[in-house]
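Enquirer: Have a look at this prediction, sequence included:
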2 protein chains.
Amino acid sequence: MQADVINKLRAIVGEKWFRNDQEALVAHSYDGTPMLQSLPEGVVYPSSTEDVSAIMKVLSEAHIPLVSRGSGSNLCGGTVPVQGGIVMVMHRMNRILEVDEENLTATVQPGLITAEFIHHIESRGLFYPPDPSSMKISTIGGNIAECSGGLRGLKYGTTKDYVIGLEAVLADGRIIRTGGKLMKDVAGYDLTKLLIGSEGTLAVITEATLKLIPPPKTKKTMLAMYRDLYGAARTVSRIIESHIIPATLEFMDNPTIRVVDDFAGLGLPLDMEAILLIEQDGDPETVERDIARISEICASESADRIEVAATREEAEKLLTARRSAFTALARLRPTTILEDATVPRSRIADMVLRINEIANKHRVTIATFGHAGDGNLHPTATTDARDAEEIHRVEAAFEEIFEAAIALGGTITGEHGVGMVKAPYLEWKVGEPGIAMMKGIKAAFDPHHLLNPGKIFAKETRKRVVIQHG
Amino acid sequence: MQADVINKLRAIVGEKWFRNDQEALVAHSYDGTPMLQSLPEGVVYPSSTEDVSAIMKVLSEAHIPLVSRGSGSNLCGGTVPVQGGIVMVMHRMNRILEVDEENLTATVQPGLITAEFIHHIESRGLFYPPDPSSMKISTIGGNIAECSGGLRGLKYGTTKDYVIGLEAVLADGRIIRTGGKLMKDVAGYDLTKLLIGSEGTLAVITEATLKLIPPPKTKKTMLAMYRDLYGAARTVSRIIESHIIPATLEFMDNPTIRVVDDFAGLGLPLDMEAILLIEQDGDPETVERDIARISEICASESADRIEVAATREEAEKLLTARRSAFTALARLRPTTILEDATVPRSRIADMVLRINEIANKHRVTIATFGHAGDGNLHPTATTDARDAEEIHRVEAAFEEIFEAAIALGGTITGEHGVGMVKAPYLEWKVGEPGIAMMKGIKAAFDPHHLLNPGKIFAKETRKRVVIQHG
């Protein structure tokens, strides 16, 4: 990196907030994704939109790549600086600028930690539903870049349903503002929704206006356990068909149940093929009625055991089972690869069976849990990055899993993003003309390919290995 | 138009479904917007995606503009063929292809009439909330192109919240598919949301997958009438601050009340400055509780009269007041211009007062009604297109109204779209870099500017006439 660029960046943010010592470079060479690492040439910490704009002007003039990031908790290699350049960390821009109770909006900076925001909002008697599992460390800006989901997505939607206005800096340093404190705005193309989930490849988000909603008055939690996988899957479909949309409708398969029970000592029955974790929230009468009806449906689909939490403490215990799934799986082997193939919710059982077939075929260990109500599954391989031959089999298995998801009318990623990991498969979902349009959008925003280069678009699309008919 | 192009189009759709007789050309030279007309050179009626693709290949090779449309009920000049070329009418592609009760989705063709779709869905015990006032004649494809709203937008959102997958034909005839029966999909940029509200300028929608939801179990309707405009506006904010999101929260000002009463003979008190029409739906206990609480808020904000409908018939009578607003206003003078400036909901009273000031200043008659809960107002001028001097004053007034909306943190259009009418004002909302990014997107999808040319982007941006500080 040229000394004059470094000097300009230091002049913008101050000596302390530009680093190119080895420790800083290594700390920002990877993210939450296993097995991906690449050193940046510098790390910069802006404190304002003006800083971001000035930094981006300098970098675009010098044609230096920029990777903007929050906590880097993504699982798609979305913030690995694979082409070097500068990593811009948004953590200093972490303020809640305003909570507007009349309009039910909050305006925040991108570096704000999601859980801190949620706690603040809840302390004011309001509700911001998106709750990615990473929320204790992830940032709102990262959630927007990846369009994060979470456990409450089925009833409440994901990040894109709650972002109604953005301030963002374009590749050349110009600042744009989209949307506002407006529930309706059709002034031109929807740039707000376009930037959500664009993974830092189109612009850097510097401020977001979020929609808040009234909190539900009460919540109830239950578990239903099945020896028959199809019984669990039919339960999911029948709950929705009965016109009940639960707040949470989560799934764990047998391998996950075994690991979770071993980890958390919950006394789960180890011979079950599936457990559903179900929560409903809302007004007390509605919640009581829905939970009673859901229990009936579970029983009629031959659930072997149904537990409804009577107290908040019992509910927490039931939630622990699902919440500890990833941690429990991560203990098993040195490397844990968490994927998020997604199918229409009616195809969950088919997808779980396909995942198991594929895992057996490739002799790899894959446990599956996830958001059953959304059809968003997290097949999770426990493996060892040091064993190249096994990793090759894991990758072959995931390739078939993506293919199977698409064959069932699904997608390669429900909430984790494309990044580097899914880029070779994107064309399978969106087709060649879809890729062409996306590349055209990219070129309009970032003609020199400086913003998070090497993400979303692959140099080479993978050939399909298997043809599935769903 | 070259004879060989006409022959090719006739070969694709059959003799009967290409027309260039004067009657067909005139019938497709205008839409729901007053004072805009331009003759096309031909009208074509495709019956399938393959027809659409073949037509668009022919037109793109010959560099002939294409305006795709449903019923042309838009109010922004969105489907006027202002650069001639071919109008493609989607009415033959009007089938409901599938209602999937397990996944709660419907897949439909774009020419389907919105109200017919809603009736069908409701007859199957399901619910599709977007209900634009034009729904008896408008099509689902038109609703998607314009991102239509409606009376239920406050609680349920607008068209963009219910479209989860699209099939569309690109300018050169290639077919793309976006999304699917998936509640979550982050595979690349969100082309689904980008096409919604793109007003036929990026692609032609040939199929849509729509999200359905369970219907509310019951509904209750009330009117609250105010001598004090601010009392009505504070009621709107206080309802939301009380954590109640009504299904409908509509507003009529005094000029609208007078006209509506004269039209429909409802015995409304003519000395009221504002009427709120409020509906809540959901589970019976919730609806009762919310309506009781809303009544308390209305009373504490000095509502002069509150009427809660005891029966469905009484509710229909109350709804008539709001529903007949446009029709009643349209009787007054030969030309009715309905706009949709939108502000944060906390600024409604300020906006109504500004509209009245502006109308007085320019000596024009503007009545205002609209979706108070969304901040989406419909200031409506009654005028006469034959009086050029008065029309000039009306246009000057609307220009100031758009400026006032933006100064209050609002937008130039909440649900009607940009089309030709708002194009000169778009830069006021999105700024020069916003326009530049939108033009870049347009160029990526439609490099030869053949799809609905002359819309969204103006040749010249209007100079601002007034600076407001909100």
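Expert: Sure, I can see it.
Enquirer: all contacts plus neighbour counts: C-alpha atoms, from now on.
Expert: Noted.
Enquirer: In a helix, A:A208, correct?
Expert: No: counting by DSSP: H, G, I helix; E, B strand; the rest coil, A:A208 is not part of a helix but strand.
Enquirer: Just read off the phi/psi values of the closest residue to it other than its chain neighbours.
Expert: The shortest distance from A:A208 to any non-neighbouring residue, by Cα to Cα, 6 or more residues apart in numbering or on different chains, is to A:L166 (4.5 Å). When read as degrees, to the nearest 10, the backbone of A:L166 gives phi -140, psi 150.
Enquirer: Spit out the contact partners of A:L166.
Expert: A:R177, A:T178, A:G179, A:G180, A:T192, A:I205, A:T206, A:E207, A:A208, A:T209 (Cα atoms under 8 Å, 6 or more residues apart in numbering or on different chains).
Enquirer: what do you get if the cut-off is 6 Å, keeping everything else the same?
Expert: A:R177, A:T178, A:E207, A:A208 (Cα atoms under 6 Å, 6 or more residues apart in numbering or on different chains).
Enquirer: how close does it sit to A:A145?
Expert: A:L166 sits 12 Å away from A:A145, going by Cα to Cα, to the nearest Å.
Enquirer: what's the answer for A:A233, then?
Expert: 32 Å.
Enquirer: thinking again about what came up before, what bridges to the residue nearest to A:A208?
Expert: A:T178, A:A208 (DSSP bridges).
Enquirer: Which secondary structure elements does the host helix or strand of A:T382 sit against?
Expert: Taking DSSP states H and E as the criterion, A:T382 maps to strand A:376-383. If you count contacts as 3 or more Cα pairs under 6 Å, 6 or more residues apart in numbering or on different chains; DSSP states H and E, strand A:376-383 packs onto strand A:335-338, strand A:365-371.
Enquirer: Show me what the first one is packed up against.
Expert: When contacts are defined as 3+ Cα pairs under 6 Å, 6+ apart, strand A:335-338 packs onto strand A:376-383.
Enquirer: Work out for me the element the nearest residue to A:N74 once chain neighbours are set aside sits within.
Expert: In space, and not counting its chain neighbours, A:N74 is closest to A:G32: 5.3 Å by Cα to Cα, 6+ apart. Here A:G32, judged by DSSP H and E, is contained in no helix and no strand.
Enquirer: Now do the same contact list for A:G32.
Expert: Applying Cα under 6 Å, 6+ apart, we find A:G32 in contact with A:S73, A:N74, A:L75.
Enquirer: Could you check how far it is from B:M437?
Expert: 31 Å.
Enquirer: The lowest-mean-pLDDT helix or strand in chain A to strand A:365-371, inter-axis angle?
Expert: Lowest by mean pLDDT, DSSP states H and E among the helices and strands of chain A is helix A:312-323, with a mean of 88. For helix A:312-323 against strand A:365-371, the angle between stretch directions is 130 degrees (axes from the mean of the first three to the mean of the last three Cα atoms, to 10 degrees).
Enquirer: Against which helices or strands is the helix or strand just after helix A:312-323 packed?
Expert: Note on helix A:312-323: by DSSP H and E, the next helix or strand toward the C-terminus is helix A:325-330. Counting by 3+ Cα pairs under 6 Å, 6+ apart, the packing neighbours recorded for helix A:325-330 are helix A:254-264.
Enquirer: What residues sit buried inside the helix it packs on?
Expert: A:N254, A:P255, A:T256, A:I257, A:R258, A:V259, A:V260, A:D261, A:F263 (16 or more other Cα atoms under 10 Å in any protein chain shown).
Enquirer: Near chain B, which residues of chain A are found?
Expert: By Cα under 6 Å from any Cα of the partner chain, the residues of chain A that approach chain B are A:102, A:181-187, A:189-190, A:194, A:198, A:214, A:237, A:241, A:243, A:344, A:374, A:413-415, A:417, A:440-441, A:444.
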